[in-house]
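A.B. asks: generate coordinates for the sequence data below:
(chains A and B)
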2 protein chains.
Amino acid sequence: MSCYRGENFPHGPKSLLDIRSMLQHDAPPPVTGTTIVGLETIDVRFPTSRALDGSDAMNPDPDYSAAYVVLRTDAEDGLEGHGFAFTVGRGNEVEVAAIEALRPLVVGLSVDELLADLGGFWRSLVGDTQLRWLGPEKGVVHMATAAVVNAVWDLYAKREGKPLWKLLADMTPQELVDVVDFRYIEDFITPAEALALLEERAGGRAEREELLRAEGIPAYTTSAGWLGYSDDKLRRLVGEALDEGFTHIKLKVGASLEDDVRRCRIAREAMGPEHRLMVDANQVWGVDEAIDYVAQLQPFDLLWIEEPTSPDDVLGHARIARAVAPIGVATGEHVQNRVMFKQLLQEDAMAFCQIDACRLGGVNEVIAVLLMAAKAGVPVCPHAGGVGLCELVQHLAAFDFVAVGASFDSAVVEFVDHLHEHFVDPCEVRDGRYVTPLAPGYSSEIRPESLAAHAFPGGSVWADAEAAR
Amino acid sequence: MSCYRGENFPHGPKSLLDIRSMLQHDAPPPVTGTTIVGLETIDVRFPTSRALDGSDAMNPDPDYSAAYVVLRTDAEDGLEGHGFAFTVGRGNEVEVAAIEALRPLVVGLSVDELLADLGGFWRSLVGDTQLRWLGPEKGVVHMATAAVVNAVWDLYAKREGKPLWKLLADMTPQELVDVVDFRYIEDFITPAEALALLEERAGGRAEREELLRAEGIPAYTTSAGWLGYSDDKLRRLVGEALDEGFTHIKLKVGASLEDDVRRCRIAREAMGPEHRLMVDANQVWGVDEAIDYVAQLQPFDLLWIEEPTSPDDVLGHARIARAVAPIGVATGEHVQNRVMFKQLLQEDAMAFCQIDACRLGGVNEVIAVLLMAAKAGVPVCPHAGGVGLCELVQHLAAFDFVAVGASFDSAVVEFVDHLHEHFVDPCEVRDGRYVTPLAPGYSSEIRPESLAAHAFPGGSVWADAEAAR
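C.D. replies: As a prediction, the model looks like this:
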């Protein structure tokens, strides 16, 4: 199929269904000496802009998309690694091109050697002496790194027959430290400090894992509060969210102060004082503007103001954080790498650390940020939504709870009820909590029929729309 | 030719030479009502890694490359706008893809309307509601913005029959303020402050322009100090640089302290105490490592230490700056946007502001940074070298001198003597100074035969190398 760019089809292109049918989720037989023989990319887009779902002050018309990558080996187990970078539509093809640029750094590697030195593999991607110029370690190339690295971890977890969070939770403190690149963050956390932190928290791992399996992961919902919704719909959705067991609800703000005051009042009235209300401005304000605007929202007892300004502005976030307390500042979904997270933590600019599974350079760099947040005592509340982010971050939050941050007291994971049906192992939220995922892998795999239908521009979803114009 | 991806060849692809032959540099006739009808991209790469020229501690093997863009209009003047993003080889195709993604935002625009609202045009590129996710305003997409924006300014200057610096210097303070996006920097400089600064400095513009035309722009050379050179070659090149009139020389450091101490000693002995010596670490250190390393170089009376650590680490640069004084910290070639420059200036983390013409989002954002540096009293010393950067930054430095920073006391522009022969209007350095460019445009245009030969992978330079393998 034309949506595939892989070079490893010696007998001509196979259909997506053929390729996907090789998959299995049973405990795999032991394999050794295998090689990564294929890296395929697919430009996958969902036409979400056709409704107003997902609209916020900065992103009014997202078409949730994935620059999708499949790693294949020549092992008899037939297991594949699936990963993706999340985008919101146009430019997804640029992200696909960036993943393609990583191909020479991946295809041909020995799987055993790769999995034995995941830290070295990560450094080989971000340190490529020519590709590095395109970042370094930020934006398009870094998100491509995320896609590939996440695919490798997915493959690893499938081979071990464990969900990703469990694979990570079973690694020793030293093994975890070894996958992290401490370059540029050693002035905040050294490998020795990270090791000591993980060892100190290793004690309670078993109890926390039991709790995690029994009770799942605390979630909050953004589904009630998109900007495009009417007041009545907002009120109804808040009520439904409470009925579904959510205790934390987030609204999008930033387009109109008058509207936002009214919407916060509606939400707070519908919620009562005992539940938590958060707001998200998606970077629309300058620093002083953010301070002035949020002051007007103080009556509504907000837990956090999310992305009040440019994700690049560490000093600005610090100033906002001091000005809007006791409302906490939350940010991270657009924070490009561990160096920026380090500074936000150094400056007490971030009360809630919102890692993104696909903007940071994959699992390795997420672990770096989890360690720094744990050192700073800042709860990790991953960004999710879009397509597939919920599937990924549930693993990261679960691992953080078992082995790193070790608490769900203030940690709560975003949940948006979009597009889960396209995943082989969709996340499930029950009574306001993610049900702890148990299938082997990183839950990152999109169903083959969904890939085929949403491949851009040739998939039926897009071709039909084109034909209808 | 296959290296062209443009869609505007109604009669089939023309050769590069055909297209380029339409060019003229005489004073253009007045034109109105024209439209941008074509955006073509070319992946241009120079095989510079075949020698050791250009090697530093982070970039040992650059193939200097340009993701090149040509804008064409339907005007009878036949003028084109040429721009590019600079990369160091692999991944240049990703940058080309990003420029292609901007096509719908450019092709079809009225040239007159575009040139009448260059600020609005800039915001339309960085604010695209879907492409924005890939940055925002950083890395691959932002460099693509730079390429397109610079091409527009090149076209504008050609239409006005002026070199870019003169076009800018002739704009009123209000016109200059209008092209700048103050979003996220108003807490450091407001439009009103910028206007007042420009108006205050408008008084001396004529005298400074006269001085600029007579004396050119102070330059420094990096050509003596690449890491791959032997001690003898270093000594010889330092002597030659002094003979050529340079008073400032920069060495690459960071691979070996022992070697660097010896190389600094050799350079300082060859230079004598009266000239200025700078060193450049290209981001190889962590914060504490940088402080320790640079302490060992204090005996050599260094003017600046360049890129001591991650370009993302504002707080780290601030700490290094305090620790290594009186050596100044210089950075900027990898600083992604005005928001990061703002913070480096807010924190006194940067004693020399090294704008890059192609990493910032083109001329508009460069002006934003020039204004902030002027407010902070920090000299602007643009990054150059690579391919075409010298050609571009001479205009930016000239404009800064005439209208913004208004001083060459501490401002000095990098010069590397590579690849100038490929440009239609190559920069010229005489007696250690850039000769002020006078041809209309931004000096950004690569000669058509060079484009054809270096197009990747089809150009003769690459095809021949492939055939020889």
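
A.B. asks: in the stretch 101-250 of chain A, what residue comes closest to chain B?
C.D. replies: Going by Cβ to the nearest Cβ, chain B is nearest to residue A:139 of the stretch 101-250 of chain A, at 2.6 Å. Backbone N, C-alpha and C define where each C-beta goes, glycine included.

A.B. asks: how about the strand or helix carrying residue A:344 and chain B, any contact?
C.D. replies: Per DSSP states H and E, residue A:344 falls inside helix A:338-346. Yes. With Cβ under 8 Å from any Cβ of the partner chain as the measure, helix A:338-346 is seen reaching chain B through A:339, A:340, A:342, A:343, A:346.

A.B. asks: quick one, that helix and helix B:338-346 angle?
C.D. replies: Counting by axes from the mean of the first three to the mean of the last three Cα atoms, to 10 degrees, helix A:338-346 lies at 50 degrees to helix B:338-346.

A.B. asks: mean confidence (pLDDT) on the helix or strand that helix A:338-346 is followed by, please.
C.D. replies: Later in the chain than helix A:338-346, the nearest helix or strand by DSSP H and E is strand A:352-353. For strand A:352-353, mean pLDDT rounds to 98.

A.B. asks: what backbone torsions are found at the residue of the stretch 101-250 of chain A closest to chain B?
C.D. replies: phi 60, psi -140 (degrees, to the nearest 10).

A.B. asks: how about the contacts made by the closest residue to it other than its chain neighbours?
C.D. replies: In this structure, residue A:139 finds its nearest non-sequential neighbour in residue B:139, 2.6 Å apart by Cβ to Cβ, 6 or more residues apart in numbering or on different chains. Taking Cβ atoms under 8 Å, 6 or more residues apart in numbering or on different chains as the criterion, residue B:139 is in contact with A:134, A:135, A:138, A:139, A:140, A:141, A:142, B:336.

A.B. asks: out of those, who has the most neighbours?
C.D. replies: Highest neighbour count within the contacts of residue B:139: residue A:140, with 33 neighbours (other Cβ atoms under 10 Å in any protein chain shown).

A.B. asks: SS state for the residue positioned nearest the centre of chain A?
C.D. replies: Geometric centre of chain A, nearest residue: residue A:357, 2.8 Å, by Cα atoms, centre = their mean. Here residue A:357 is recorded as coil under DSSP: H, G, I helix; E, B strand; the rest coil.

A.B. asks: name the nearest residue to it, ignoring sequence neighbours.
C.D. replies: In space, residue A:357 comes closest to residue A:392 once its chain neighbours are excluded; the distance is 3.8 Å by Cβ to Cβ, 6+ apart.

A.B. asks: what helix or strand is the one you found located in?
C.D. replies: Using DSSP H and E, residue A:392 falls in helix A:389-403.

A.B. asks: can you pull the residues of the stretch 201-350 of chain A lying near chain B?
C.D. replies: Selection of the stretch 201-350 of chain A residues close to chain B by Cβ under 8 Å from any Cβ yields A:283, A:286-288, A:309-316, A:319, A:334, A:336-337, A:339-340, A:342-343, A:346-347.

A.B. asks: go again with 7 Å.
C.D. replies: Counting by Cβ under 7 Å from any Cβ of the partner chain, the stretch 201-350 of chain A comes close to chain B at A:286-288, A:309-310, A:312-316, A:334, A:336-337, A:339-340, A:343, A:346.

A.B. asks: what lies in contact with stretch A:426-445?
C.D. replies: Defining contact as Cβ atoms under 7 Å, 6 or more residues apart in numbering or on different chains, one finds that stretch A:426-445 is touched by A:25, A:82-84, A:150, A:153-154, A:157-158, A:161-164, A:212-213, A:215-219, A:244-247, A:388, A:390-392, A:394-395, A:398, A:413, A:415, A:420, A:423-425.

A.B. asks: end-to-end on that stretch?
C.D. replies: Distance across stretch A:426-445, first residue to last, is 9 Å (Cα to Cα, to the nearest Å).

A.B. asks: repeat that for stretch A:159-176.
C.D. replies: 18 Å.

A.B. asks: can you list the buried residues in that stretch?
C.D. replies: Going by neighbour count (16 or more other Cβ atoms under 10 Å in any protein chain shown), the buried part of stretch A:159-176 is A:159-160, A:162-169, A:171, A:173, A:176.

A.B. asks: report the two of these separated the most.
C.D. replies: Farthest pair in the buried residues of stretch A:159-176 (Cβ to Cβ) is A:159 and A:173. Separation: 22.1 Å.

A.B. asks: once you drop chain neighbours, what's closest to residue A:261?
C.D. replies: residue A:296 (6.2 Å).

A.B. asks: the one you found and residue A:257 touch, don't they?
C.D. replies: Yes. Counting by Cβ atoms under 7 Å, residue A:296 touches residue A:257, with 5.9 Å between them.

A.B. asks: ok, then the element right after the lowest-mean-pLDDT helix or strand in chain A?
C.D. replies: When the helices and strands of chain A are scored by mean pLDDT, DSSP states H and E, helix A:16-20 comes last with a mean of 36. The helix or strand immediately downstream of helix A:16-20 is strand A:36-45, counting by DSSP H and E.

A.B. asks: is that following strand anywhere near chain B?
C.D. replies: No. Applying Cβ under 7 Å from any Cβ, one finds strand A:36-45 separated from chain B by no less than 10.0 Å.

A.B. asks: strands paired with the very next helix or strand once past that strand, and their directions?
C.D. replies: Proceeding N to C from strand A:36-45, the next assigned helix or strand is strand A:65-73, under DSSP H and E. Strand A:65-73 sits in its sheet next to strand A:36-45 (antiparallel), strand A:80-87 (antiparallel), going by DSSP bridges.

A.B. asks: other residues contacting strand A:65-73?
C.D. replies: A:34-46, A:80-89, A:92, A:95-96, A:99, A:106, A:111, A:147-148, A:151-152, A:155, A:387-388, A:446, A:451.

A.B. asks: among the contacts of stretch A:426-445, which ones are buried?
C.D. replies: By neighbour count, with 16+ other Cβ under 10 Å, those hold A:82-84, A:150, A:153-154, A:157-158, A:162-164, A:212, A:216-219, A:246-247, A:388, A:390-392, A:394-395, A:398, A:413, A:415, A:420, A:423-425 as buried.
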